[in-house]
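> Any chance you can model this:
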Amino acid sequence: MSDTYLPDGLPAPAPDRDGVDAGFWEAARRHQLALQRCSSCGAFQAPPEWVCHRCHSRDLGWATMPGRGRVFSWIRVHHAAHPALRARLPYLVVLVEVDGTGGVRLIGNLLGPSDQEVAIDAAVEAIFEDHEGGYTLVQWRTL
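Model prediction:
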């Protein structure tokens, strides 16, 4: 097993072929959380798209966020989504509402013991997990 939370053997994430999410992955490698933001109306959005979800502008950029949020929902996973995850069962997955975004939510693993209590609205922070394949995953840890 690797030194990372997620074990070896999982497929490496990569930016979409059209590059729309490249800014997210580039920021993660720098240990920053970046979200797409519309330059016209100021709305944040995830997942990234070529058009603003709110005003339909194509003038979108990336904003670096503090990397904090609140647990909106969570699940304790008992059936591995991939064979490489069987050794990690059970594990926790959270849906995090990112602070300062007007409700944008990201999904990720919650680090720590798999039997920990998880509370809705618990404060969390982004943790950046570097992998040998040259990518970095955004995980979450309770504060």
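> For the rest of this, base every contact and every neighbour count on C-alpha atoms.
Will do.
> Stretch 38-54: end-to-end distance?
Terminal residues of stretch 38-54 lie 9 Å apart, using Cα to Cα, to the nearest Å.
> per-residue confidence averaged over it?
The average pLDDT for stretch 38-54 rounds to 97.
> which residues are contacting that stretch?
20-21, 35-37, 55, 57-61, 101-102, 104-106 (Cα atoms under 8 Å, 6 or more residues apart in numbering).
> Which of those are buried? Put it as a PyMOL command.
Selection of the buried residues among these in PyMOL, burial being defined by 16 or more other Cα atoms under 10 Å:
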select buried, resi 21+35+36+37+60+101+104+105+106
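> can you tell me which of the contacts of stretch 38-54 are in strands?
The strands, defined by DSSP state E, take in 35-37, 60-61, 105-106 from the contacts of stretch 38-54.
> Turn those into TSV, including distance to Ala126.
Below are the ones in strands among the contacts of stretch 38-54 laid out as TSV (distance: Cα to Cα, whole Å):
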residue	distance to Ala126
Leu35	13
Gln36	17
Arg37	19
Leu60	23
Gly61	21
Arg105	13
Leu106	10
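> Isn't Arg29 up against Gly133?
No: if you go by Cα atoms under 8 Å, Arg29 and Gly133 don't touch, sitting 11.4 Å apart.
> Please say which of these two ends up with more neighbours.
More crowded of Arg29 and Gly133, by other Cα atoms under 10 Å: Arg29, with 18 against 9.
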